[in-house]
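Participant: got a predicted model here, sequence first, then my questions.
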Amino acid sequence: MENSQLKERILSLVPEAEIVETKQYLNAIIPKEKLHFLAKSLREAEDTSFDYLFCLTGLDLMDSLEVIYHIESTKYHHCIVLKTSTTDRENPILDSVTDIWHTADYHEREVFDFFGIKFNNHPDMRKLFLDETRIEGFPFRKDYVDEINIVER
Amino acid sequence: MTEENKNSGLDKEEEYIINIGPQHPSTHGVLRLVVSLKGEIVKSVEPHCGYIHRGIEKMCEKLTYPQIIHLTDRLDYLSAHINNEAVCLCVEKALEIEVPERVKYIRAILSELTRIQSHELWWCSFGMDMGATTCYFYGLRDREKVLDIFEETCGGRMIVSYNTPGGLMNDIHPNFQKRVKEFLKHFRKKLPEYDQLLTGNVIMQERTKNIGIISREDAISYGVTGPSGRGSGFSCDVRKHHPYGIYDKVDFVEPLYKTGDTFSRYKVRMDEMWESMKIIEQLIDNIPEGDYCAKMKPVIKLPEGEYYQRVEAARGELGVYINSRGDKYPYRLKLRSPNLSNLSALNVLASGFKIADLIAIGGSLDYVIPDIDR
């Protein structure tokens, strides 16, 4: 599918989506309530069949916490980028996509580890890398302070 | 079953937990596996990561782009050159710089040499995992020759740091082409020995055929890429589907196997060594003259925006995501490591097989722990 067709498809599924076209990928900014629905629809529709999640990134934008999904269809080899965010820094919660792409399991745990974003319906929401007894807070957030190990220049 | 045996966990009906690692020779690094067993049969495997987590992504947020190159070597240290190339390509894409043809050729040759030496070491340790000690001597003998080529041209043997945004650090050594050709001639004779020693071995075949099966659908869903994914018939070669550098101009085959067992993952890697040699042979005599680096500003600042670059590392798809705010440092740099996704499928692969097979399955996934932990 071409980018213009994909854009139409996303807008027909989620009218409030915001589409940003960059030189590389088509970016769709989705409200967090609609992300799971859209991801599932794009995964299951025969003409889009986005079956391969190749990157899941957490990002701290200061005023909000964002998660970026890079997805591809192994059948048609078209790619798009889905983005969703939450403004709640105290208790950020998004919907898990582990039931759609199994690889999201570890990547979501990594995002929880570094950014503190919890994922609804995740089968095993624990930290992946960091030891809870030794590291407090979420190190990849921009306001994280660690006076011993991170030296400001 | 006596009452005493039941309490000591020897009751065959009961599941019990065995801990492998973090210090264990067959986990190839500091990985801890908590295995739930029923008798000899693996019920589930739960990997625990993070023993050598260094926070490379966070460190990159305080480093300039040429400095980041020296950290990406330390991810998957067996495909250091390819990791460097990924970051360089991402920076070049953001700056819209076209690197000289000469650079593309040299990068591709070195990437394929990296792939060969990585697969050679995998072959050594895979044999070792199953008790075949001789493999180690065969593999390291030939790998040494590749490392000598690296040493002469790049200065480093394993952690090369030869790429830089815009091109290469130095021009190639005058002996480079001669030595690569010598190596190819040598390795074409030696690679069939690998097959004679291990591939046809009855014990090896018994231990790998129909063991550790993952279907194509599961491989895609778990994001199992590289030779492990191709063993299940998942055509995931980034060099074919999203070509970068010179790869759209060279002729090579993407080896695919349908079974998805340990043996087909083994076969894919053996075939890939032949394909890599084929690629190098097409390029080595045709390296064009020219600069070894494009003209770059002394301070590299990426324009505001998001950039993503995918490359085919020795173990699968490596992705570099850079979010720039126009500074000389990235705002966020994410590395999609192939090994983390491959490891996530270990539970599916090993469940239902014997605990001895778990070691062979882990060897066939060929995970490198610093790349999982980053």
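Facilitator: All right, it came through fine.
Participant: contacting residues around the residue nearest the centre of chain A?
Facilitator: In chain A, the centroid-proximal residue (CA atoms, centre = their mean) is residue A:67; its distance is 3.1 Å. Taking CB atoms under 8 Å, 6 or more residues apart in numbering or on different chains, we find residue A:67 in contact with A:56, A:57, A:58, A:59, A:83, A:84, A:85, A:94, A:111, A:117. To be clear about C-beta, it is placed using only N, CA and C from the backbone, and glycine gets the same treatment.
Participant: the residue lying closest to the fourth one once chain neighbours are set aside: helix or strand, and which one exactly?
Facilitator: If you skip the residues right next to it in sequence, residue A:59 has residue A:66 as its closest partner in space, 4.4 Å away by CB to CB, 6 or more residues apart in numbering or on different chains. When secondary structure is defined using DSSP states H and E, the element that contains residue A:66 is strand A:65-72.
Participant: figure out how far that strand is from the centre of its chain.
Facilitator: With CA atoms, centre = their mean, to the nearest Å as the basis, strand A:65-72 stands 4 Å off its chain's centre.
Participant: one more: stretch B:348-368?
Facilitator: With CA atoms, centre = their mean, you get 17 Å for stretch B:348-368.
Participant: distance between the ends of it?
Facilitator: 19 Å (CA to CA, to the nearest Å).
Participant: equivalent analysis for stretch B:14-26, please.
Facilitator: 26 Å.
Participant: that one and chain A in contact?
Facilitator: No - residues of stretch B:14-26 contacting chain A under CB under 8 Å from any CB of the partner chain: none, with a closest distance of 12.5 Å.
Participant: list the buried ones in that stretch?
Facilitator: Buried residues in stretch B:14-26, counted by 16 or more other CB atoms under 10 Å in any protein chain shown: B:20, B:21, B:22, B:26.
Participant: do stretch B:41-48 as well
Facilitator: For stretch B:41-48, by 16+ other CB under 10 Å, it's B:42, B:43, B:44, B:45, B:47.
Participant: just the ones of those in strands?
Facilitator: B:42, B:43, B:44, B:45, B:47 (DSSP state E).
Participant: could I get those as CSV with pLDDT?
Facilitator: What follows is those, written out as CSV (pLDDT from 0 to 100):
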residue, pLDDT
B:42, 89
B:43, 88
B:44, 88
B:45, 90
B:47, 89
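Participant: tell me the one of these nearest chain A?
Facilitator: Closest approach between those and chain A, by CB to the nearest CB: residue B:47, at 8.9 Å.
Participant: so who does that closest one touch?
Facilitator: Contact analysis of residue B:47 by CB under 8 Å, 6+ apart lists B:31, B:32, B:33, B:34, B:343, B:346.
Participant: switch to 10 Å and redo it
Facilitator: Residues near residue B:47 by CB atoms under 10 Å, 6 or more residues apart in numbering or on different chains: A:106, A:128, B:20-21, B:27, B:31-35, B:340, B:343-344, B:346-347, B:362, B:367, B:372.
Participant: now the buried members of those residues.
Facilitator: For these, buried by 16+ other CB under 10 Å: A:106, A:128, B:20-21, B:27, B:31-33, B:35, B:340, B:343-344, B:346-347, B:362, B:367, B:372.
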